[in-house]
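Undergrad: have a look; sequence and predicted model below, questions after that.
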Amino acid sequence: MEYSKLISVTGLGGLFELVASKTDGAIVKSLDDKSTKFVSSRQHSFSHLESIEVYTQRDNVNLVDVFNAMSASKEALPSEKDVAAIKAYFTKVYPELDFDRVYPSDMKKMVRWFDILQKNGVEIKLREEAEEEVEETETVPVAEEPAKEEKTTAKKSAKKKEAVAEETTATEDAAPKKKAAPKKKKAEE
């Protein structure tokens with residue numbers, strides 16, 4: 001299971017894996033009970049975990065950074081019900097959080113989601129980081145010929161654009177011009 005496929009659904013607790021998306025909603029699989037169901041986009045909103053950011057005292061950080069700090073910490077996860085314990089936990093684990101803008105409900109959610117991710121063995125990393133690792137391991141020699149092909153392709157597309165522009169102006173010139181409507185004569189009295 002990839003972190004990039006995980007979403008949060010408003011009105012439904014827990015985390016879900018996006019199985020398929022449709023025009024009117026999505027098919028999701030719960031990470032808690034492994035059930036699969038259709039969720040309508042008319043009633044619910046979807047948020048990819050990758051796109052969620054957390055307020056800090058400086059710039060916003062991605063949720064992955066907070067989760068990585070939580071996994072690196074030796075502190076035990078607090079109970080979701082104890083707000084003071086959760087705030088004390090984040091003060092030790094990620095002290096840069098802006099506690100004025102990150103509400104206790106948000107911190108509870110982060111603890112709950114982190115617990116779900118740990119139970120399901122999900123590797124917490126962004127998709128871009130995964131792509132960079134693949135690029136570093138795969139080194140492909142670059143030939144000069146594709147660059148030439150790109151130049152000729154760019155020239156061809158520029159010529160096509162010019163031809164389309166010429167056709168448009170030719171069509172506009174060939175179209176008959178509209179005559180002004182004749183003025184109505186005043187009715188005789």
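TA: That came through, no problem.
Undergrad: what helix or strand does Ile7 sit in?
TA: Per DSSP states H and E, Ile7 falls inside strand 6-9.
Undergrad: ok, then the element right after that strand?
TA: Sequence order places strand 16-22 as the next helix or strand after strand 6-9, per DSSP H and E.
Undergrad: hmm, back to that, quick one: mean pLDDT over the strand holding Ile7.
TA: For strand 6-9, mean pLDDT is 94.
Undergrad: what lines up beside it in the sheet?
TA: Paired with strand 6-9 in the same sheet, following DSSP bridges, are strand 16-22 (antiparallel), strand 46-48 (antiparallel).
Undergrad: who's in contact with the last one?
TA: Under the criterion C-beta atoms under 8 Å, 6 or more residues apart in numbering, residues 4, 6-10, 18, 26, 39 lie in contact with strand 46-48. All C-beta atoms are positioned from the backbone trio N, CA, C, and that covers glycine.
Undergrad: for those residues, which one is nearest Leu117?
TA: Leu6 (8.0 Å; C-beta to C-beta).
Undergrad: one step back: make CSV out of the contacts of strand 46-48 and add neighbour count.
TA: Shown next, in CSV, are the contacts of strand 46-48 (neighbours: other C-beta atoms under 10 Å):
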residue, neighbour count
Ser4, 15
Leu6, 23
Ile7, 21
Ser8, 19
Val9, 21
Thr10, 10
Leu18, 18
Ala26, 19
Val39, 21
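Undergrad: which two among the residues you listed are spaced furthest apart?
TA: Among these, Ser4 and Thr10 lie farthest apart (C-beta to C-beta), at 19.8 Å.
Undergrad: how about JSON lines for the strands paired with strand 6-9, with mean pLDDT and distance to Ala69 added?
TA: Listed next are the strands paired with strand 6-9 as JSON lines, based on pLDDT from 0 to 100; distance: least, C-beta to C-beta, whole Å:
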{"stretch": "strand 16-22", "mean pLDDT": "93", "distance to Ala69": "24"}
{"stretch": "strand 46-48", "mean pLDDT": "93", "distance to Ala69": "20"}
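Undergrad: nearest to Tyr55, out of those strands?
TA: Closest to Tyr55 of these is strand 46-48 (C-beta to C-beta; 15.7 Å).
Undergrad: name every strand pairing with the helix or strand following the closest one and say which way it goes.
TA: The C-terminal neighbour of strand 46-48 among helices and strands, as given by DSSP H and E, is strand 53-54. Partner strands and pairing direction for strand 53-54 (DSSP bridges) are strand 61-62 (antiparallel).
Undergrad: next helix or strand past the strand it pairs with?
TA: Immediately after strand 61-62, counting by DSSP H and E, sits helix 63-72.
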